[in-house]
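Asker: the following comprises the amino acid sequence and a computationally predicted model.
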Amino acid sequence: MQRDDSEPGLTHHGEQAEALQQLGFTGYEAKVYLSLLREFPATAYEISKRAGLPRANVYNALATLEKKLAVQPVNENPVRYVPVEPRQLLDRIQRETANRCDSLAEQLIATKAVEATEFVWTLSGNAHIHAKMDDLIEQAKVHVWIKAAHHLLRPHIEPLRQAARRGARILIILFGSPADLVEYDFGGQVKVYLHESSGAAVGLSDWLVTMTRDFEEAMTATTGPKGYGVFTRSRPVVNMAESLIRHEIYVAEIFAHFGKQLESRFGPALYSLRHQYLPAEQVRQLDALVGMATGAKPAEPAGKPVARRTAAPRKRTQSR
């Protein structure tokens, strides 16, 4: 059977060959299949002569096209071939490709889930930081734990409210004032502690945020003009962040019961402790904070290490 070259779709074999190659045909396979579409049945010799292709390459292409169910032999001595009807061929390729893609997608997703837990992603800029905060809140199923200043959490109060309605438990260590607590009063799923019972900002706490979600994800960031942070699913890092916030809860409960004794021993904002361990710049900020709170110059930090006392050696007495 010979097709008229004037039929639509048969005047642009170069484009058609390229399209077939994008579907997995080799260059010779595409040219042989298109040659057969124009005139069939045909032998390898006839295709080679008509398409101007090396006969050995035509034989190889016909063999692979037969395996791909794109051509069929119809008789022997000599073997002649006919093309599989284009719609039937392309529908089968489409089904097989879709099934292959679905299967591969599942495998890649499973692979990614294992590998992604080891990475730490960078959060650049305040917009990126606040977007990730919303992501963690919106994905929470079990809990969201947060340590942050009130002004940083204010844009996220509605997402927090929605998370609480879904049943997620919200726990917040807040740098702020007692008056701020009313904004988080949206049910028994929420518990908010003022940091060390006062909520006073210490060091960089006015710009820091630490969050964890469902024992699975964590982020920590410094906001401000050069906002920068990190987000991870790495289990050791998530455990570390969870432990940090958990110990802040312990401290909050201890302050609730023994706040006056702690302030009497260590000064406002645990001054004598922090003075020993904060960087110099944050010590200066702490001095200013405690000075403003008390109206007086802060006392020197208490406590140099106490030397252990040892008993004086006994004098030996000569036995008589």
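Answerer: That came through fine. Numbering: from 1, shown residues only.
Asker: which ones are touching residue 13?
Answerer: Contacts for residue 13 were tallied using CB atoms under 8 Å, 6 or more residues apart in numbering; they are 31, 34. Placement of C-beta: from N, CA and C, glycine included.
Asker: give me the helices and strands touching the longest helix seen in the chain, please.
Answerer: Longest helix in the chain by number of residues, with DSSP state H as the criterion: helix 235-266. Here helix 235-266 touches strand 143-149, strand 169-175, strand 190-194, strand 208-213, strand 217-222, going by 3 or more CB pairs under 8 Å, 6 or more residues apart in numbering; DSSP states H and E.
Asker: what helices and strands are in contact with the helix or strand residue 160 falls within?
Answerer: Applying DSSP states H and E as the criterion places residue 160 in helix 157-166. If contacts are counted by 3+ CB pairs under 8 Å, 6+ apart, helix 157-166 sits against helix 126-139, strand 169-175.
Asker: before we move on, back to that, average pLDDT for the following helix or strand past the longest helix of the chain?
Answerer: Moving toward the C-terminus from helix 235-266, the next helix or strand (DSSP H and E) is helix 271-277. For helix 271-277, the mean per-residue pLDDT is 83.
Asker: sorry, back to before: next, the angle from the longest helix of the chain to strand 143-149.
Answerer: On the basis of axes from the mean of the first three to the mean of the last three CA atoms, to 10 degrees, helix 235-266 is oriented at 50 degrees to strand 143-149.
Asker: distance from the chain centre to helix 235-266, please.
Answerer: Its chain's average C-alpha position is 28 Å from that of helix 235-266, according to CA atoms, centre = their mean, to the nearest Å.
Asker: mean confidence for that helix?
Answerer: 91.
Asker: quick one, it and strand 190-194 angle?
Answerer: Helix 235-266 and strand 190-194 are oriented at 50 degrees to each other (the same axes, to 10 degrees).
Asker: take the helices and strands packed on helix 235-266 and write them to JSON lines, including mean neighbour count and distance to residue 100.
Answerer: Below are the helices and strands packed on helix 235-266 laid out as JSON lines (neighbours: other CB atoms under 10 Å; distance: least, CB to CB, whole Å):
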{"stretch": "strand 143-149", "mean neighbour count": "23", "distance to residue 100": "40"}
{"stretch": "strand 169-175", "mean neighbour count": "21", "distance to residue 100": "43"}
{"stretch": "strand 190-194", "mean neighbour count": "18", "distance to residue 100": "48"}
{"stretch": "strand 208-213", "mean neighbour count": "23", "distance to residue 100": "35"}
{"stretch": "strand 217-222", "mean neighbour count": "22", "distance to residue 100": "32"}
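Asker: what comes up buried for the helix or strand in which residue 153 is found?
Answerer: Taking DSSP H and E as the definition, one finds residue 153 inside helix 150-153. For helix 150-153, burial by neighbour count (16 or more other CB atoms under 10 Å) applies to 150, 152-153.
Asker: which strands and helices lie in contact with that helix?
Answerer: On a contact count with 3+ CB pairs under 8 Å, 6+ apart, helix 150-153 meets strand 169-175.
Asker: show me how far the strand it packs on is from its chain's centre.
Answerer: Centre-to-centre, strand 169-175 and its host chain are 23 Å apart (CA atoms, centre = their mean).
Asker: out of the helices and strands packed on helix 235-266, nearest to residue 22?
Answerer: Residue 22 lies closest to strand 217-222 among the helices and strands packed on helix 235-266, at 39.4 Å (CB to CB).
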